[in-house]
Structure formats: C-alpha cells, structure tokens
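# only geometry, no sequence info:
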Ligand code: ADP
Ligand code: MG
C-alpha cells in the first residue's frame with residue numbers, strides 16, 4: 001500500500017555567531033560530512049555571500065547555477081538549487097555574491113524573515129529531498145536579515161566559539177537575538193549547543209577560555225572540543241572536507257565525535273517531546 005504519511009521535516013540547525021573566523025563554515029562542512037558518514041542525509045545551505053562552504057565543498061563559482069539568493073528571492077525552490085558533493089549523502093545549496101544584495105530586495109516583503117523557512121517547509125514535497133534528515137545552515141558573520149531567516153527556519157542554533165580571549169564577548173548579543181526570534185518569529189527555536197573550536201592545548205589561554213565558557217553556559221557546551229589542526233585549515237583549498245582530506249587527523253576525529261554528540265542530543269530532545 002502507498003503510505004499517506006507526510007515525510008518528516010528534516011532537523012534544521014543554524015550555525016550562527018556574528019563574529020567572523022570562529023569556525024562556522026568549517027563546522028558546517030565537517031559536521032555535515034561526519035553526519036553523512038554515519039548514515040544521515042544532509043543538506044548544507046550556504047547563506048554567506050562569501051560562499052566559503054560552497055568553495056570548501058568543491059563547488060566552484062561557475063557551476064553555481066541556482067543559489068540561495070534565488071531561493072530567498074522566491075525564484076526557485078531549495079530542491080532546485082541543490083547540488084551533490086563528493087561526499088555521499090551530503091548535498092549543498094550554494095551561495096553567490098548576489099546574496100550581498102538580497103536584504104534590500106526582500107526588505108519590504110511581508111514574509112521577508114520567513115523566506116528560508118518556507119523553502120525548507122516545501123522540501124518535504126520535493127521527490128529529490130524526501131530522505132533528508134538534517135539541514136545545516138552556514139550563516140554570515142552578522143545578525144542581519146539573512147541570519148534572521150536562518151533562525152526563523154531552524155529548530156536549533158549551534159554556536160561555534162573560538163577559544164580566544166574575547167570568545168564570550170558578543171555572545172550575549174547573539175543570545176538576545178535568539179530570544180527575540182523565539183518571541184516574535186519562531187517559538188520552537190532552541191540553542192542546541194555551543195562548540196569550542198580551534199582549541200590549542202599548549203596555550204594556557206585556551207584552557208582558561210574553555211573553563212570560563214563551561215562556567216557560563218554549563219551543559220550547553222559540547223564535550224567535544226575541536227582542536228586547532230593544520231589539516232583542517234588546508235582541506236578547503238583542495239575543495240574537500242577535512243574528513244575526506246585526512247580522516248585520521250585530530251580535527252576530523254573531533255568532528256566525528258561531535259556528530260555523534262549532536263545525534264545523541266537530538267534523540268534525547270525527541271524522546272522528551
Ligand atoms: P567562519 O565561518 O566563522 O568565518 P571559518 O570556518 O571560515 O570561520 O574559519 C576561519 C579560519 O580558521 C579558516 O581559515 C579556517 O580554515 C580556520 N579554521 C577553522 N577551524 C580550524 C581548526 N580546527 N584548526 C585550524 N584552522 C581552523
Ligand atoms: Mg563562514
């Protein structure tokens with residue numbers, strides 16, 4: 001018999017932090033790859049005009065026919081913008097520099113904050129995307145309308161925090177924005193977790209920052225800490241996730257552990273619901 005059950009909406013996680021260079025894109029690519037490696041079906045939505053997630057996944061600018069700009073403008077569905085990557089089970093909705101102008105274009109539209117949410121809601125009716133289990137959104141380094149679209153579309157926010165002296169600075173602004181989105185646009189939004197990135201065990205400051213962050217955020221902080229690892233930073237220039245470039249390096253192994261922690265939290269959330 002043909003099942004009449006509506007396919008389940010994938011779990012949508014926005015990687016957000018208005019600071020640049022904290023590891024949002026690196027985490028989107030490698031967490032996405034790690035989730036795909038353990039059997040999840042993952043879509044990475046590149047919402048940064050810089051397009052680093054797209055480049056880092058080997059999708060060069062010329063082959064980005066439809067992009068997240070077209071999706072936010074309402075010209076194409078997300079399924080149409082989707083491209084396969086070298087990682088089985090991982091697809092990408094690429095971005096282009098056009099995205100820089102999207103805010104002006106949609107600013108006066110009534111549904112301007114819900115553009116991405118509607119596009120993701122429609123995915124379950126798209127034959128090509130019905131088996132997706134995770135959507136990871138790589139946000140730009142700002143709390144602009146693009147990031148608001150991501151938070152409005154998301155079930156959860158995952159915050160990458162770099163282990164450096166000013167790590168906590170700006171975090172309260174980010175938490176306030178999440179609170180505002182929850183109050184006005186998306187009541188189901190939660191902070192799924194905070195992941196510490198670029199940890200350097202030889203640097204005393206890194207350890208101090210880790211202690212401070214854990215003190216402040218408690219069990220929101222993932223046990224897995226992503227180490228600073230040169231293989232992780234080299235991988236994008238080959239258009240590959242670190243997990244394909246060097247699976248055994250400490251960074252790749254950390255992202256695999258992070259993926260299983262994310263899945264564990266998701267299961268716990270679902271059981272509690
Ligand atoms: P964001 O998306 O928040 O701006 P990125 O993920 O692009 O941050 O990371 C900023 C820079 O730091 C990039 O050059 C990236 O390759 C590097 N980087 C990120 N994570 C690591 C890591 N674990 N080890 C070494 N370099 C890293
Ligand atoms: Mg980035």
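Everything's here; your move. Only a predicted model underlies this, so the values are computations on that prediction, with no experimental measurement involved. Ligands and ions are numbered 1, 2, ... in the order given.
# Tell me, how many residues neighbour residue 38?
11 (other C-beta atoms under 10 Å). C-beta here means a position set from N, CA and C on the backbone, and glycine is covered the same way.
# how about it, what does it touch?
Counting by C-beta atoms under 8 Å, 6 or more residues apart in numbering, residue 38 makes contact with 256, 259, 260, 263.
# The closest residue to ligand 1 within the stretch 51-200 of the chain and residue 55, how far apart?
Going by C-beta to the nearest ligand atom, ligand 1 is nearest to residue 198 of the stretch 51-200 of the chain, at 4.8 Å. Distance of residue 198 to residue 55, computed by C-beta to C-beta, to the nearest Å: 20 Å.
# Looking at the two, which one has more neighbours?
Neighbour totals were compared for residue 198 and residue 55, and residue 198 leads with 23 against 20 (other C-beta under 10 Å).
# So what's the residue count around the residue lying closest to that one once chain neighbours are set aside?
Nearest residue to residue 198, sequence neighbours excluded (C-beta to C-beta, 6 or more residues apart in numbering): residue 228, at 4.4 Å. Other residues near residue 228 come to 19 when the count uses other C-beta under 10 Å.
# Also the one 10 residues further on?
Close neighbours of residue 238, defined as other C-beta under 10 Å, add up to 12.
# Now do the contacts for it.
Listed by C-beta under 8 Å, 6+ apart, the contact partners of residue 238 are residue 245.
# how much space between it and ligand 2?
Residue 238 sits 18 Å away from ligand 2, going by C-beta to the ion, to the nearest Å.
# In terms of pLDDT, where does that residue sit?
Residue 238 is assigned a predicted lDDT (pLDDT) of 97.
# now residue 112, nearest residue through space, not along the chain?
Residue 112's closest residue in space is residue 106 (C-beta to C-beta, 6+ apart), at 4.5 Å.
# Could I get the contacting residues of that neighbour?
72, 73, 112, 115, 145.
# Most neighbours out of the residues you listed, which is it?
Neighbour-wise, the contacts of residue 106 (other C-beta under 10 Å) top out at residue 72, 24 neighbours.
# and the gap between the residue nearest to residue 112 and residue 72?
6 Å.
# what is in contact with the two at once?
Shared contacts of residue 106 and residue 72, counting by C-beta under 8 Å, 6+ apart, come down to residue 115.
# got a list of what the residue of the stretch 51-200 of the chain closest to ligand 1 touches?
By C-beta under 8 Å, 6+ apart, the contact set of residue 198 is 23, 162, 163, 164, 226, 227, 228.
# Now do the helices in this structure.
24-37, 52-56, 68-73, 78-81, 102-106, 115-123, 145-153, 171-184, 204-217, 230-234, 242-245, 250-272 (DSSP state H).
# Compare the ones you listed and say which comes out lowest on pLDDT.
Minimum mean pLDDT among the helices of the chain: helix 204-217, a mean of 88.
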